[in-house]
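> this one's structure only:
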């Protein structure tokens, strides 16, 4: 695919839609009001994004993928989907429980049921999901780094895509309480590219995309950390 940079742009837009914009659809779903439109649309997240990951994986290198790379992709994709599925179910129940409590219909937020649901929603699912995200990103970079397809980087698309993905990544790691995963990965990719990969950027669109994204995310992490003296979630400071 000669327009690999455009594919990263499509990927970044879809990533932002499914990871950020769906939160604005917490409206009861008419066919099953206990669920929201967010829950329904979120069912599509892996069905849309995992195939795009595969296209990036396929076209990032000039030759066919090795069996070990394909197995790694399947394992990481499975972790990604496992985390997403766990989050989808637990988050839906969590939102419903908190909604009942606010309406004073039924309050079980102090029970073990809520505690377990919260752990699955806010901790385990996030770490699995985001580990899958970072693992697939690392695999894409690795595959292109060793055997690049030597496709010219289209910088206008790469920069826009990097800004969108970098902002989205910052948001999900911050609100998902997975900064201990996201921040070190971001720094590693920046250093790796600056030290050994600068000459590769012009002919490696995937590397260029993740490099720009990591620069954007690192800048946002730095600004947020300095302003708040740490990494509180958006919800903790009243922004959502």
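Received, thanks. Since the structure is predicted, the reported quantities are computational estimates derived from the model, not experimental observations. Numbers count the residues shown, from 1 in each chain.

> please make it C-alpha for all contacts and neighbour counts, starting now.
OK.

> for the helix or strand bottoming out on mean pLDDT in the chain, buried residues please.
Across the helices and strands of the chain, mean confidence by mean pLDDT, DSSP states H and E is lowest for helix 112-119: a mean of 83. Buried residues in helix 112-119, counted by 16 or more other Cα atoms under 10 Å: 114, 117, 118.

> and that helix, how far out from the chain's middle?
Offset of helix 112-119 from its chain centre (Cα atoms, centre = their mean, to the nearest Å): 24 Å.

> packing partners of it?
The contact analysis (3 or more Cα pairs under 8 Å, 6 or more residues apart in numbering; DSSP states H and E) places helix 112-119 against helix 67-102.

> the longest strand seen in the chain to helix 67-102, inter-axis angle?
Using DSSP state E to define each element, the chain has its longest strand at strand 32-36. Angle of strand 32-36 versus helix 67-102, following axes from the mean of the first three to the mean of the last three Cα atoms, to 10 degrees, is 120 degrees.

> for strand 32-36, which helices and strands make contact with it?
Using 3+ Cα pairs under 8 Å, 6+ apart, strand 32-36 sits against strand 28-29, helix 67-102.

> go through the ones you listed and pick out the most buried.
helix 67-102 (a mean of 17; mean count of other Cα atoms under 10 Å).

> show me where pLDDT drops low in the protein?
Within the chain, the set of residues satisfying pLDDT under 70 comprises 1-2, 97-101, 103-109, 240.

> ranges for the helices of it?
Along the chain, the segments classed as helices by DSSP state H run 4-19, 37-42, 45-59, 67-102, 112-119, 125-146, 155-175, 179-192, 205-228.

> using JSON lines, lay out those helices together with distance to residue 237.
Rendered in JSON lines, the data for the helices of the chain read as follows (distance: least, Cα to Cα, whole Å):
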{"stretch": "helix 4-19", "distance to residue 237": "20"}
{"stretch": "helix 37-42", "distance to residue 237": "23"}
{"stretch": "helix 45-59", "distance to residue 237": "28"}
{"stretch": "helix 67-102", "distance to residue 237": "19"}
{"stretch": "helix 112-119", "distance to residue 237": "19"}
{"stretch": "helix 125-146", "distance to residue 237": "20"}
{"stretch": "helix 155-175", "distance to residue 237": "11"}
{"stretch": "helix 179-192", "distance to residue 237": "16"}
{"stretch": "helix 205-228", "distance to residue 237": "9"}
